[in-house]
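Enquirer: Here's a sequence, model it:
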Amino acid sequence: MKNILKKLGLALIVILVIIQFIRPDRNESGYESVAYFEIETKPSSEIQEILKSNCYDCHSNQTIYPWYANIAPVSYWLANHVDEGKEHFNVSEWETYSAKKKDHKLEELIEEVEEGEMPLPSYTWTHGNLEDQEKELLISWVTALRKKYSID
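Expert: Residues are numbered from 1 along each chain as shown. Got it, this is the predicted structure:
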């Protein structure tokens with residue numbers, strides 16, 4: 001039994017070493033990927049900072065990776081988070097959205113922030129959480145912004 005556990009442990013170590021060399025794709029297009037969104041929506045500097053600190057890493061094509069994103073299997077977990085976040089809402093694709101879709105995405109943003117679903121708890125562990133004042137500021141801005149896209 002001891003021999004089997006040693007072999008399993010050694011196999012696990014070998015697998016962990018091997019996956020360090022097989023990296024998931026990075027999501028690093030740079031600032032220009034959010035430029036259209038910011039030009040069209042005109043966020044204040046405070047809102048820009050909230051978006052940059054809490055949203056863009058998973059909801060744009062410009063993720064800023066922490067050091068631990070270089071270590072598998074964490075790198076795969078983060079890549080999945082980013083892919084999933086961009087699937088739901090990607091500000092780098094903003095110019096391709098119709099007015100109706102923009103309004104809907106903004107409505108979802110409000111709901112997710114109000115319900116405490118965004119940013120994800122796993123993100124806030126290392127990046128900090130949105131303060132109540134920041135949430136209110138973000139929701140107020142998005143609510144006002146929705147008027148630009150809502151079709152009555």
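
Enquirer: could you pull out the helices for the protein?
Expert: Under the criterion DSSP state H, the chain carries helices at the ranges 2-19, 32-41, 45-54, 56-59, 74-88, 99-114, 121-127, 132-149.

Enquirer: what about the shortest one, distance to the chain center?
Expert: Put plainly, it is helix 56-59. 3 Å (Cα atoms, centre = their mean, to the nearest Å).

Enquirer: And for the second one?
Expert: Using Cα atoms, centre = their mean, the distance from the centre of helix 32-41 to the centre of the chain it belongs to is 16 Å.

Enquirer: relative to helix 99-114, how tilted is it?
Expert: 100 degrees (axes from the mean of the first three to the mean of the last three Cα atoms, to 10 degrees).

Enquirer: just the first one next, same as before
Expert: What separates the directions of helix 2-19 and helix 99-114 is an angle of 140 degrees, with the same axes, to 10 degrees.

Enquirer: Could you do the fifth one as well?
Expert: Here the directions of helix 74-88 and helix 99-114 differ by 130 degrees (the same axes, to 10 degrees).

Enquirer: buried sites along helix 74-88?
Expert: Within helix 74-88, the residues that count as buried by 16 or more other Cβ atoms under 10 Å are Ser75, Leu78, Ala79, His81, Val82, Gly85, Lys86. C-betas here are computed from N, CA, C, even on glycine.

Enquirer: didn't the fifth one look like it was pressed against Cys58?
Expert: This points to Val82. Yes - at 5.3 Å, Val82 counts as touching Cys58 under the criterion of Cβ atoms under 8 Å.

Enquirer: any chance of the helices of the chain in TSV, with distance to Pro66 and mean pLDDT too?
Expert: Shown next, in TSV, are the helices of the chain (distance: least, Cβ to Cβ, whole Å; pLDDT from 0 to 100):
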stretch	distance to Pro66	mean pLDDT
helix 2-19	18	83
helix 32-41	19	89
helix 45-54	13	93
helix 56-59	9	89
helix 74-88	8	88
helix 99-114	22	94
helix 121-127	6	69
helix 132-149	21	94
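
Enquirer: closest to Asp25 out of these?
Expert: Closest approach to Asp25 among these is made by helix 74-88 (6.9 Å; Cβ to Cβ).

Enquirer: Distance from the chain centre to the closest one, please.
Expert: Worked out by Cα atoms, centre = their mean, helix 74-88 lies 8 Å from the chain centre.

Enquirer: on that earlier part again, pick the most buried one from the helices of the chain.
Expert: A comparison of those by mean neighbour count, using mean count of other Cβ atoms under 10 Å, puts helix 56-59 on top with a mean of 22.
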